[in-house]
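Asks: A structural model of the following input is requested.
(one chain, ligands or ions: 2)
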Amino acid sequence: MSADLLQTPVEYLKGVGPKRGELLRKEAGVSTYYDLLTYYPFRHVDRSRFLPINEINSENVYIQLHGKVTDVQLAGKGRSSRLVVSISDATGSIDLVWFQGISWVKDKFTTGSEWVVFGKPTLFSGRYNISHPETETMAEFITQPSDPFHPVYNSSEKMKLNGLSTRAISKITRTLISQVKGVIPETLNNSILNELRLMGREEAFLNIHFPPDSEILEKARARLKFDELFFIQLRLLRYKQNRSEKIRGNIFAKVGDLFNGFYKDYLPFELTNAQKKVIREIRADMGSGRQMNRLLQGDVGSGKTLVALMCMLIALDNGYQACLMAPTEILANQHYATITKLLKGMDVKVDLLTGSTKKSRRREIHPMLQSGELHIIIGTHALIEDAVQFSNLGLVVVDEQHRFGVAQRAKMWSKSEVPPHVLVMTATPIPRTLAMTVYGDLDLSVIDELPPGRKAIKTYHFYESGHEKVYNFMRQQIAGGRQIYVVYPLIEESEMLDLKNLQDGFDHLKQVFPAPQYTLSMVQGRMKADEKDAEMLKFKNGETQIMVATTVIEVGVDVPNASVMVIENAERFGLSQLHQLRGRVGRGADQSHCLLMTGFNLTSDGRIRIETMVRTTDGFEISDVDLKLRGPGDLEGTRQSGILDLKLADIVRDEQLLRAARAIAQKLLDVDPQLLHPDNQRIVRYLDFLKSKTSEWAMIS
Ligand code: ADP
Ligand code: MG
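Replies: Ligands and ions are numbered 1, 2, ... in the order given. Down below sits the predicted model:
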């Protein structure tokens with residue numbers, strides 16, 4: 001069978017052999033024929049063009065030139081010995097340099113012989129040279145198949161030195177293609193191929209390596225990109241379909257006294273329409289008999305905590321326990337405080353379990369959870385520990401989801417015989433394209449409205465020289481009874497220096513805002529939890545006016561009277577972080593302000609980040625810019641998922657194609673949910689093949 005041929009170990013391919021096979025596996029992750037087929041060139045070079053040597057004007061781009069050898073020299077000694085071959089064309093000369101494999105190449109270059117050279121020039125002492133170029137004699141070049149384009153493959157130094165230059169890869173790939181011709185299975189059905197006018201798969205493989213022209217290259221790329229995106233979508237949608245068919249969920253059939261009682265007598269304000277809408281969605285989902293896996297997106301301050309609480313009450317009304325997990329202790333403490341306050345007077349037992357919960361307290365909490373006496377437990381990662389066992393856990397709410405790994409969530413599942421419903425809350429708006437890919441199997445609820453009476457936060461950019469103005473503004477605001485955050489960056493790589501900056505900043509602010517007129521707090525991650533909490537509490541209670549902090553206050557902290565956020569070295573923060581930090585203000589009825597302080601020298605990305613923050617408070621717009629600046633690989637939550645392992649497609653640039661792929665995958669499943677139709681067997685076979693290649697998928701949720 002054809003598929004088997006594609007699974008042949010690559011070493012069996014003519015021209016590869018065990019040694020290069022091993023190298024391909026280790027250096028390029030290529031083990032099979034199929035892997036080699038999908039080891040795509042990252043660009044093509046026009047073979048008909050030779051760059052005149054005197055026109056070389058930039059480093060690190062591949063060029064092709066030709067010329068005659070004018071000189072061959074062995075220079076240096078021992079470790080620094082190198083071979084220098086000078087080549088000239090009609091316009092100038094350039095040195096080709098080898099540091100390794102010298103004995104292997106040196107006899108090839110006789111003076112006067114004519115060579116075609118391919119490689120990346122680098123500038124050294126004002127002169128371009130090419131180290132370890134790929135070379136072939138003019139005679140070899142002419143007798144080669146006359147493709148107009150040369151594919152260029154990634155080839156590590158080690159590969160190059162061991163007979164796996166980009167030319168060599170191109171050669172074995174050509175051999176491969178001639179061998180597998182006629183047996184590369186089509187993976188799409190005819191109706192999809194026709195609808196999108198896609199190139200056949202085999203043709204696409206041939207042309208992505210050896211295209212006759214750039215137009216056909218593009219068509220080949222589009223076809224194979226579509227495959228990548230389509231099969232991701234199909235797998236996510238099937239995974240979701242499968243889960244809802246197979247995994248039984250606890251049925252929360254009713255909304256009972258707790259929910260209704262809370263709604264009638266304890267709710268401190270009218271719910272927004274958006275909150276009502278998502279509670280309805282969640283309720284329907286939890287009552288459906290399927291296990292819920294839902295992502296609740298709502299911008300900072302949109303009131304997710306209340307939604308979570310009301311959903312937990314539904315769980316309680318049906319005789320189940322619920323838990324709320326937060327990424328930090330500060331946040332867990334705050335949720336605990338908020339929720340106990342909201343539930344005051346009701347017959348609901350709530351407790352808190354974090355890393356700093358004393359052993360003696362734990363010994364009380366564990367059995368109460370196990371007996372079901374405790375209804376709601378709020379906490380951090382500590383809840384994941386094996387010692388924490390429930391009587392009947394019905395709902396897990398995860399706040400600020402991106403800090404919890406997939407595996408950790410999976411562990412919560414196992415705490416109950418029937419997996420609990422899972423509600424994942426995030427205030428980091430996920431760009432739609434990314435949500436479609438990484439969370440494509442989750443259902444989505446969006447709170448797209450802020451509680452009434454909020455004024456849009458005004459954001460300003462100041463250079464360091466504007467500090468005096470900023471201090472004046474702070475004095476004014478404090479005189480008006482407001483409180484202020486001043487945030488300093490802190491990253492691991494420069495932690496010591498950053499902590500010093502924070503301390504210096506704090507000392508300086510104490511001088512600018514002297515006691516007893518002014519009071520300041522400081523919080524940073526290195527402090528003991530109880531010290532941190534004490535300072536936070538002072539600020540929360542209005543005992544201190546200025547909170548100087550690192551990003552530990554980034555998530556969730558809720559002090560409605562704080563209306564000014566000053567961010568020092570704002571250029572060092574990422575966009576989503578800036579957005580989160582800004583979300584700490586604007587929680588009360590007063591006009592809030594965010595002041596971004598930066599140095600004079602901004603990188604172009606830094607400038608875009610600051611300008612974006614000044615321009616908009618829309619989390620979705622901000623996350624789109626963020627995705628464009630950083631690329632999906634860097635966004636939190638995507639790396640560990642393994643889903644975005646795309647070779648060709650780019651979820652930002654190929655958004656259109658991604659949307660088409662999702663729509664078509666959905667349509668396919670609507671028409672043929674089990675993929676039983678004969679036309680769809682190609683699709684099924686390829687899905688099976690993909691399944692055999694990746695295991696991470698079992699873990700998504
Ligand atoms: P987030 O979605 O960022 O977690 P919170 O749940 O912390 O937001 O809510 C932000 C603030 O808005 C809190 O002070 C909360 O009490 C308040 N809030 C939530 N819902 C409403 C509402 N419907 N009307 C007025 N205020 C609300
Ligand atoms: Mg929150």
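Asks: where does the stretch 551-700 of the chain have low pLDDT?
Replies: For the stretch 551-700 of the chain, residues meeting the criterion pLDDT under 70 lie at 553-557, 631-645, 694-700.
Asks: That one: strands as residue ranges?
Replies: Counting by DSSP state E, counting those that start in this stretch, the stretch 551-700 of the chain has strands at residues 562-567, 593-598.
Asks: could you check the angle strand 562-567 makes with the last one?
Replies: Direction vectors for strand 593-598 and strand 562-567, defined by axes from the mean of the first three to the mean of the last three Cα atoms, to 10 degrees, enclose an angle of 10 degrees.
Asks: Give the other helices and strands that strand 593-598 contacts.
Replies: strand 458-463, helix 467-479, strand 562-567, helix 575-582, helix 604-615 (3 or more Cβ pairs under 8 Å, 6 or more residues apart in numbering; DSSP states H and E). C-beta coordinates here come from the backbone N, C-alpha and C atoms, glycine included.
Asks: How about residues contacting the third one?
Replies: Residues from elsewhere that reach strand 562-567, judged by Cβ atoms under 8 Å, 6 or more residues apart in numbering: 470, 473-474, 477, 482-487, 539, 547, 573, 578, 581-582, 584-588, 590-597.
Asks: From those, list the ones also adjacent to ligand 1.
Replies: When Cβ under 6 Å from any ligand atom is taken as the criterion, the members of these that contact ligand 1 are Arg587.
Asks: List only those of the contacts of strand 562-567 flagged as buried.
Replies: Neighbour-count burial within the contacts of strand 562-567 applies to 470, 473-474, 477, 482-487, 539, 547, 573, 578, 581-582, 584-588, 590, 592-597; the criterion is 16 or more other Cβ atoms under 10 Å.
Asks: still on that earlier bit, out of the helices and strands packed on strand 593-598, which is the most enclosed?
Replies: strand 562-567 (a mean of 25; mean count of other Cβ atoms under 10 Å).
Asks: buried set for the longest helix along the chain?
Replies: Looking across the chain with DSSP state H, the single longest helix is helix 214-246. Residues of helix 214-246 classed as buried: 216-217, 219-240, 243-244 (neighbour count, 16+ other Cβ under 10 Å).
Asks: I'd like to know which of the helices and strands packed on strand 593-598 is closest to Arg82.
Replies: Within the helices and strands packed on strand 593-598, the stretch nearest Arg82 is helix 604-615; the backing value is 38.0 Å (Cβ to Cβ).
Asks: Does anything pack onto that closest one? Which helices or strands?
Replies: strand 458-463, helix 575-582, strand 593-598, helix 619-630.
Asks: To Ser371, which of the ones you listed lies closest?
Replies: helix 575-582 (38.2 Å).
Asks: thinking again about what came up before, same for the following helix or strand past the longest helix of the chain, what does it pack against?
Replies: Later in the chain than helix 214-246, the nearest helix or strand by DSSP states H and E is helix 257-261. Applying 3+ Cβ pairs under 8 Å, 6+ apart, we find helix 257-261 packed against helix 304-317.
Asks: Show the average pLDDT along the helix it packs on.
Replies: Mean per-residue pLDDT for helix 304-317: 96.
Asks: Give me the contacts around that helix.
Replies: 252, 254-259, 262-263, 271, 275, 278-279, 282-283, 286, 296, 298, 321-322, 324, 335, 338-339, 342-343, 348, 375-376, 394-395, 397, 399, 421, 423, 425, 427, 447.
Asks: So is that helix next to ligand 1?
Replies: Yes: Helix 304-317 lies within reach of ligand 1 by Cβ under 6 Å from any ligand atom, at Lys304, Thr305, Leu306.
Asks: residues in the stretch 451-600 of the chain within reach of ligand 1, list them.
Replies: Of all the residues in the stretch 451-600 of the chain, those lying near ligand 1 are Pro451, Asp558, Pro560, Arg587, going by Cβ under 6 Å from any ligand atom.
Asks: Now for those: which two are most distant?
Replies: Pro451 and Asp558 (12.4 Å).
Asks: tally of neighbours for the residue of the stretch 351-500 of the chain found nearest ligand 1?
Replies: Among the residues of the stretch 351-500 of the chain, Pro451 lies nearest to ligand 1; the distance is 3.3 Å by Cβ to the nearest ligand atom. For Pro451, the count of nearby residues is 17 (other Cβ atoms under 10 Å).
Asks: what's it in contact with, if anything?
Replies: Phe269, Thr272, Gly301, Ser302, Gly303.
Asks: Return the closest of those with respect to ligand 1.
Replies: Nearest member of these to ligand 1, counting by Cβ to the nearest ligand atom, is Gly303, at 2.8 Å.
Asks: ok, the closest one - contacts?
Replies: Contacts of Gly303 (Cβ under 8 Å, 6+ apart): Leu271, Thr272, Gln275, Ile447, Leu450, Pro451.
Asks: What segments of the stretch 601-701 of the chain are helices?
Replies: Using DSSP state H, counting those that start in this stretch, the helices of the stretch 601-701 of the chain run over 604-615, 619-630, 655-671, 681-693.
Asks: Also the stretch 401-550 of the chain?
Replies: Under DSSP H, counting those that start in this stretch, the stretch 401-550 of the chain gives helices at 406-413, 432-438, 467-479, 495-512, 529-540.
Asks: how about the strands of the stretch 251-400 of the chain, start to end?
Replies: Using DSSP E, counting those that start in this stretch, strands in the stretch 251-400 of the chain cover 293-298, 321-325, 350-353, 376-379, 393-399.
Asks: Let me have those strands in JSON lines, adding mean pLDDT and distance to ligand 1 as columns.
Replies: Shown next, in JSON lines, are these (pLDDT from 0 to 100; distance: least, Cβ to the nearest ligand atom, whole Å):
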{"stretch": "strand 293-298", "mean pLDDT": "88", "distance to ligand 1": "5"}
{"stretch": "strand 321-325", "mean pLDDT": "96", "distance to ligand 1": "11"}
{"stretch": "strand 350-353", "mean pLDDT": "97", "distance to ligand 1": "16"}
{"stretch": "strand 376-379", "mean pLDDT": "97", "distance to ligand 1": "14"}
{"stretch": "strand 393-399", "mean pLDDT": "93", "distance to ligand 1": "7"}
